[in-house]
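1. Dropping a prediction and its sequence here:
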Amino acid sequence: MTDTDRIKVGFISIIRTTFDVELAQEVTAQAKAQLRHAGFVLTAPDETISSLEAAQRVANTLASEPLDLLIVLQATFADSTMIQALAEKVDTPLVLWAVPEEHTGGRLRLNSLCGVNLAGHALKRAGYDYHYLYAMPDDSKAIDNLQIFARAAYVRRRLQTARLGRMGENPAGFETCLVNPNALREQVGVEVVQFDLQRDVFAAVQAVDSGAVQVVRDDLSRRVDGLDDVETDATNGTLGTYVVLRELADRDNLNGFAVRCWPEFFTEMDCAACAASSMLSDAMLPSSCEADVNGTVTQMMLQWLSDEPAFGTDIVSLDEERDALVLWHCGLAPLSMADPDETPSVTIHSNRAKPLLMQFALKPGRVTVARLSETTGAYRLVVGNGEMIRGAKSFSGTSGLLRFDRPARDVLDTLISEGLEHHISITYGDHVPALLVLAQMLDLPILRL
């Protein structure tokens, strides 16, 4: 994450002056210090807030800030008027924070938890959503949980302004790649920008600067084996596609692509789009094949959660002996996912016999699996966990063995019986907690694999 993309958090501490104000201010100072130490960019008033009028003033200020998350520390008990004023004005995911206090047998000095209980009831009655935290500021789990909330909120904010280039249409009979641009924009935030495959891609590739293609070729030759062993003109067509799509992303402020990769790339361009999509995803511009918009949106979610590339793939086989499912796609996995024990190579398409495709086994490690699914006619988020396990390539192209946290046969039964799309997406690392929070923020039902 760059400095300009650092998570931006609004922070307010609410008190009632009949409680222990000195202790409340100490807790507030500790919370601010911990948040800043954790790397959050904090927008916060200097003072604690103890009146509706003060809350309204702060709300007006925060409403004009590009915040990812609003944290309201219930430093003491207070009625719900202040929290409701904030929720009404600041359209940002909200965390209510309560702190424990010692059971001394004496005065209840803060009564913070009861304040959060009261606030939560008022917000739910008014139709507002929120998350909550019950921990002291110096509790490492508190910051860990806030990191999860904030990371999800950061992805939500990025989705609100994301633009995705749809290059052509999905192939006939591929209902899994249909898109509803209006519904996607309304619920998730992503804008779909439609491009004509012939005019905007093919014509541009045919006119691309050969020097720019050579630069890409030289760089790729340092990362893969076999580049000189495949047909030069066809390979340059694939590399030219990468150049053109990178330029389109810069020109039109695009965050990813959904590319109609067949049959026209083979029949009219005499090359494959696969390696271009691989390199784009590796450069954090996720690119899916078969014009799968929802697949690319899923990749966006995963890469912004993980700060690593994501890969859209098929599940093509069940390995009963290893209790794993085989992930495969022609050759478009990002190179950063290659097993470090082997050098990636390039190859030709298994059916069309044209370059350029990547070829390697996926590296071992923990992965998060997801899919923005529209099987039911409404959006839901499919979520899973698993381990990529080391093994030889199952098929040509890019493939890997994924051992889910559930038995592979059970996962397969869910996939088929639920009628899920044939593409899922993965990224490395365990990001399911943040993904579940993101789903709540986007009002997406969850289906666990």
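-> Sure, I can see it.
2. Verify the contact between Thr161 and Arg185 for me.
-> No: assessed by C-beta atoms under 8 Å, Thr161 is found out of contact with Arg185, at 11.1 Å. From N, CA and C alone the C-beta is placed, and that goes for glycine too.
3. Pop the domain breakdown of this structure in here.
-> According to automatic domain parsing, the chain comprises the domains 3-159, 161-448.
4. can you put these in TSV and add mean pLDDT?
-> Shown next, in TSV, are the domains of the chain (pLDDT from 0 to 100):
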stretch	mean pLDDT
domain 3-159	94
domain 161-448	96
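5. can I get those in JSON lines with mean neighbour count?
-> Listed next are those as JSON lines, based on neighbours: other C-beta atoms under 10 Å:
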{"stretch": "domain 3-159", "mean neighbour count": "18"}
{"stretch": "domain 161-448", "mean neighbour count": "20"}
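6. Find the helix or strand that the residue most central in space within the chain is a member of.
-> Central residue of the chain (C-alpha atoms, centre = their mean): Met301, 1.5 Å from the mean position. Assigned by DSSP states H and E, Met301 belongs to helix 293-306.
7. Repeat that for Tyr242.
-> Here Tyr242 is assigned to helix 232-252, by DSSP H and E.
8. Spell out, range by range, the strands that occur in the stretch 251-400 of the chain.
-> 256-259, 287-288, 311-319, 324-329, 345-347, 357-361, 365-373, 380-389, 398-404 (DSSP state E, counting those that start in this stretch).
9. helices and strands around the second one, which ones?
-> Yep, that's strand 287-288 we're talking about. Counting contacts by 3 or more C-beta pairs under 8 Å, 6 or more residues apart in numbering; DSSP states H and E, strand 287-288 packs against strand 256-259, helix 274-282, helix 293-306.
10. Return the distance of it from the chain's centre.
-> Computed by C-alpha atoms, centre = their mean, to the nearest Å, the chain-centroid distance of strand 287-288 equals 14 Å.
11. same thing with the first one?
-> For strand 256-259, the distance from its own C-alpha centre to the chain's C-alpha centre is 15 Å (C-alpha atoms, centre = their mean).
12. Show me the contact partners of it.
-> Strand 256-259 has contacts (C-beta atoms under 8 Å, 6 or more residues apart in numbering) with 162, 164-168, 177, 179, 245, 249, 273, 276-277, 280, 285-289, 291-293, 295-297, 299-300.
13. Against which helices or strands is the helix or strand hosting Glu22 packed?
-> Element membership for Glu22 (DSSP H and E) is helix 21-37. Under the contact criterion of 3+ C-beta pairs under 8 Å, 6+ apart, helix 21-37 touches strand 8-14, strand 41-43, strand 69-74, helix 140-160.
14. TSV for the ones you listed, including distance to Gly397?
-> Output for these, formatted as TSV (distance: least, C-beta to C-beta, whole Å):
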stretch	distance to Gly397
strand 8-14	40
strand 41-43	42
strand 69-74	40
helix 140-160	29
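15. Leu254 is nearest to which of these?
-> Closest to Leu254 of the helices and strands packed on helix 21-37, according to C-beta to C-beta: helix 140-160, at 13.2 Å.
16. by contact count, what packs against that closest one?
-> helix 21-37, strand 69-74, strand 94-98, strand 131-134, helix 293-306, helix 432-441.
17. The same query, at a cut-off of 10 Å, please.
-> strand 8-14, helix 21-37, strand 69-74, strand 94-98, strand 131-134, helix 181-187, helix 293-306, helix 432-441 (3 or more C-beta pairs under 10 Å, 6 or more residues apart in numbering; DSSP states H and E).
18. Just send the strands of the stretch 251-400 of the chain back as TSV, with distance to Val193 too.
-> Formatted as TSV, these follow (distance: least, C-beta to C-beta, whole Å):
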stretch	distance to Val193
strand 256-259	10
strand 287-288	14
strand 311-319	19
strand 324-329	24
strand 345-347	30
strand 357-361	26
strand 365-373	18
strand 380-389	23
strand 398-404	27
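19. Centre of the chain to stretch 428-442, how far?
-> The answer for stretch 428-442 is 8 Å, by C-alpha atoms, centre = their mean.
20. One more: stretch 315-328?
-> Counting by C-alpha atoms, centre = their mean, stretch 315-328 comes out at 25 Å from the chain centroid.
21. Give me the common contacts of Thr161 and Arg185.
-> Contact criterion C-beta atoms under 10 Å, 6 or more residues apart in numbering; residues shared by Thr161 and Arg185: Glu191.
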